[in-house]
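**Q** Fold the following and give me the result.
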Amino acid sequence: MSQLQFYRFYLEFGYLGKAFGHKFRLPPPSPNFLADLIGLKQKQPTGDPLKMLETSSADSKSSINLQNDPIIQKYGVKKVSLLRCLLTKEEMETVNFPLQGFTDCEHFVPTKCNGCVTDNSPLFGLDCEMCLTSQGRELTRVSVVAEGGFCIMDELVKPDNRIVDYLTRFSGITKNTLEPVTTKLKDVQKQLRALLPPDAVLVGHSLDLDLRALQMIHPYVIDTSLLYVREQGRRFKLKFLAKAVLGKDIQCPNKIGHDAIEDARTALELAQYFLKYGPKKIAKLNLQTLVHHQELLAASQEPRNTLEVAQFSNASILECLDSLGQKLLFLTQETDASELSSRNCHTVKCLSNKEVFEQAREEILRFPFSIVQFSFEPFSPTFSEEMNEKVRMKWIEMSTVYAGPLSKKCSLRYLKRLFKSFGPVQSITIILETYQPYLCVQYDVLEAAQLAIETLNGIQLEGVCIKVKRPVTELTLDCDKLLDELALDAENQGSLYLSGVKGGFKERLLQQSNCFLGLEALILPKDHRSGIPKNYCFLKFKNVGSAQRALSIFRGKDWNLKGRHALTPRHLHTWLRNSPLESSPLGLPVTSLSSEQETLQHSRITHWPGPNGNKR
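**A** Numbering: from 1, shown residues only. Below is the predicted model of the structure:
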């Protein structure tokens, strides 16, 4: 839905605000909506890809900048220890590994790892194959390989639920393969607990998926899809790394499905190679350039059907799903929907919005990624403009406070300084038509107005008890309820607003970073004309607990800042103000991005949206 629809009826959409932590700014719906959304339509390179590959390869060898390689940026140039290659608990949480204490892992079985892992602990390669059942993806095969490359476990597993798709193309599993199998999930869980020593380190490629299929928890892992770091948070495929790093071909097209033993052994060898030769040698392979050349070569050898070439060469949602043996579901009632059906996209055309909804309830459980498109008559430009203006006025009034009655002895200079201490002020007006003077303060951000109300309402100024409240209009009647809902918005969880920030704040924050665990991003707004930083900022923490601890520190005498938990999602802020707020992950310089495309290209998992409200 449009931003206008979402924020005009924000209270009615409370579930969406609480359930989804990321809001995306998408292109307006068009006849090519699906293609636009998932990036099917890309400009193809011109010229002979084979010649381009030869030329680019020669150029790349002489122009490698190791310092810019993401592997060097993460690990440095010296060899690293086994313990350095392990994923931290925070990293495992970020990429959705099953962890002890998580609500969705309550029934998961922990291994017998006792925490005595060292640099000499044994490595075990692990790979699982899955099928699609009525309840989602379930385990059908698990393989474990020990150091030296020999297989110590290879078990077929019969799922508990009805199998909808064996995913034979990827798993190699067929109905006949599983027919005589009696081994169940609980059996392999018991076997793994007995097999793995207390200091075992599991190695795999996208290992989180394997552990979730096993419904097991193991705290010490090396994930080769994250060990071999790629730009922009993307991941190299196991098949590519095997060829580029180890010089071996796996997952050959003449085989039916993947060989789980082969994949487990390959992941183990990749981890051992990394430990033996170190990040510098990996960086010199220039993997990013190699994979780009490989895509160009593959595109040149594919049929010239535009859709097929785009799907093959675009490392997007479709490619990720394809690598997992999954399809994208697209439900719509648009007339040209059938043209978008492909090997990777299952399109269902419905006759009405009601049918779209009914189909969605039945179908989306079978697909990991679904697009459900309802069709509505577009708003007229006049109506849209009126509604936009009305919603903007609502937020302006919510960001405005009235303070009084004031003593006639109060210093205007003092009052201005007092109210500006809570955040950027758009205007301050003295109201003299009343028996005693009042002050009307319009803030730039909602958090500043709320902070002023929470701090000043009911205090004594020059012997007079003042009230600080918002104006009561038809647009602010539901203000209190709206503020409660905004505080619960998933996009605001773990976010802080601070006022009183001065020059050198970022440097001081970095120096004392050990006091602010879980800090992911710092947003320093600047005046769009002068480029001078304003006196407030936003901080994004991994969770609410970390944010609360940090807030108590910032309010202390050492920092002496005013602050509270954030109320305005970035998605809303950029739309309302239409003024870019620059952001950077902790430790990186704040840079200005000139377009939405650049923002998408430079985004990282710890980034907040860029100037145009794009995704994190």
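
**Q** What are the structural domain limits within this protein?
**A** By the record's domain assignment, the chain is partitioned as 1-29+489-616, 39-64+286-372, 76-277, 381-479 (automatic domain parsing).

**Q** For residue 70, find the nearest of those domains.
**A** When those are compared by CB to CB, domain 76-277 sits nearest residue 70, at 4.2 Å. Bear in mind the C-beta positions are built from the backbone N, C-alpha and C, glycine included.

**Q** Distance from the closest one to the middle of the chain?
**A** Put simply, domain 76-277 sits 23 Å off its chain's centre (CA atoms, centre = their mean, to the nearest Å).

**Q** any idea which helix is longest in this protein?
**A** Ranked by residue count, the top helix of the chain under DSSP state H comes out as helix 260-284.

**Q** so what does that helix touch, helix or strand wise?
**A** helix 70-75, helix 82-85, strand 123-133, strand 136-146, strand 151-156, strand 201-204, helix 224-227, helix 238-241 (3 or more CB pairs under 8 Å, 6 or more residues apart in numbering; DSSP states H and E).

**Q** gap between the two ends of stretch 492-502?
**A** 24 Å (CA to CA, to the nearest Å).

**Q** Buried ones in it, by neighbour count?
**A** 492, 493, 494, 495, 496, 497, 498, 499, 500, 501 (16 or more other CB atoms under 10 Å).

**Q** who's in contact with stretch 263-281?
**A** 66, 71-72, 74-82, 85, 123-127, 143-145, 147, 149, 151, 203-205, 222, 224, 227-228, 238, 241-242, 245-246, 248, 250-251, 282 (CB atoms under 8 Å, 6 or more residues apart in numbering).

**Q** residue contacts, the residue nearest to residue 216 when sequence neighbours are not counted?
**A** Leaving out its chain neighbours, the residue that sits closest to residue 216 by CB to CB, 6 or more residues apart in numbering is residue 109, at 5.1 Å. Residues near residue 109 by CB under 8 Å, 6+ apart: 189, 193, 215, 216, 217.

**Q** do the same with residue 70
**A** 229, 230, 231.

**Q** 10 Å instead?
**A** Going by CB atoms under 10 Å, 6 or more residues apart in numbering, residue 70 touches 228, 229, 230, 231, 232, 233, 234, 279, 283, 287, 288, 604.

**Q** Residue 148 versus residue 82, what's the distance?
**A** Note on residue 82: its distance to residue 148, by CB to CB, to the nearest Å, is 16 Å.

**Q** So for those two, which sits in the more crowded spot?
**A** residue 82 (19 against 7; other CB atoms under 10 Å).

**Q** Tell me the secondary structure at the most far-flung residue of the chain relative to its centre.
**A** Going by CA atoms, centre = their mean, the residue of the chain most distant from its centre is residue 435, 54.1 Å out. Secondary structure assignment for residue 435 (DSSP: H, G, I helix; E, B strand; the rest coil): coil.

**Q** Find the nearest non-adjacent residue to it, please.
**A** Per CB to CB, 6+ apart, closest to residue 435 is residue 405, 7.3 Å.

**Q** Next: residue 196.
**A** residue 111 is the one closest to residue 196 (CB to CB, 6+ apart), at 5.5 Å.

**Q** got the contact list for that neighbour?
**A** Per CB under 10 Å, 6+ apart, neighbours of residue 111: 189, 192-193, 195-198, 200, 202, 211, 214, 216-220.

**Q** Tell me the spacing between it and residue 223.
**A** Taken as CB to CB, the span from residue 111 to residue 223 is 16 Å.

**Q** ok so, going back, could you dump the helices and strands packed on helix 260-284 into a markdown table and include distance to residue 359?
**A** Formatted as a markdown table, the helices and strands packed on helix 260-284 follow (distance: least, CB to CB, whole Å):
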| stretch | distance to residue 359 |
| --- | --- |
| helix 70-75 | 41 |
| helix 82-85 | 45 |
| strand 123-133 | 18 |
| strand 136-146 | 18 |
| strand 151-156 | 34 |
| strand 201-204 | 36 |
| helix 224-227 | 34 |
| helix 238-241 | 35 |
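
**Q** nearest to residue 165, of these?
**A** That would be strand 123-133 among the helices and strands packed on helix 260-284, by CB to CB, at 4.0 Å.

**Q** Spatially, what comes nearest to residue 69 if we skip its sequence neighbours?
**A** residue 283 (4.0 Å).

**Q** meant to ask about residue 490
**A** Residue 490's closest residue in space is residue 21 (CB to CB, 6+ apart), at 3.9 Å.

**Q** so what's the one you found scoring on pLDDT?
**A** According to the prediction, residue 21 has pLDDT 77.

**Q** tell me the contacts of it?
**A** Counted by CB under 10 Å, 6+ apart, residue 21 has contacts 489, 490, 491, 492, 493, 494, 569, 616.

**Q** hey, least reliable of the domains of the chain by pLDDT?
**A** Looking at the domains of the chain, the weakest mean confidence is domain 39-64+286-372, a mean of 64.

**Q** Is residue 538 bridged to anything, and to what?
**A** For residue 538, the beta-bridge partners under DSSP bridges are residue 497, residue 523.

**Q** Pretty sure it sits against residue 524.
**A** Yes: between residue 538 and residue 524 there is a contact under CB atoms under 10 Å: 8.5 Å.

**Q** Which residue ranges of the stretch 501-616 of the chain form strands?
**A** 519-523, 536-541, 562-565, 583-585 (DSSP state E, counting those that start in this stretch).

**Q** closest one to residue 394 among those strands?
**A** Per CB to CB, nearest to residue 394 of the strands of the stretch 501-616 of the chain: strand 562-565, 20.6 Å.

**Q** what's that closest one in contact with?
**A** 421-423, 447-448, 450-452, 454-455, 486-487, 492-501, 536-539, 544, 547-548, 550-552, 554-555.

**Q** residue ranges of the helices in the stretch 301-450 of the chain, please?
**A** Counting by DSSP state H, counting those that start in this stretch, the stretch 301-450 of the chain has these helices, from start to end: 306-313, 317-323, 353-363, 381-398, 412-420, 446-456.

**Q** Tell me which of these is the most buried.
**A** Per-stretch averages of neighbours, counted by mean count of other CB atoms under 10 Å, single out helix 446-456 among the helices of the stretch 301-450 of the chain, with a mean of 21.

**Q** Centre of the chain to it, how far?
**A** On the basis of CA atoms, centre = their mean, helix 446-456 sits 30 Å off its chain's mean C-alpha point.

**Q** relative to helix 412-420, how tilted is it?
**A** 120 degrees (axes from the mean of the first three to the mean of the last three CA atoms, to 10 degrees).

**Q** Please identify the next secondary structure element, helix or strand, after helix 446-456.
**A** strand 460-461 (DSSP states H and E).

**Q** now for that following strand, which elements pack on it?
**A** Here strand 460-461 touches helix 412-420, going by 3 or more CB pairs under 10 Å, 6 or more residues apart in numbering; DSSP states H and E.
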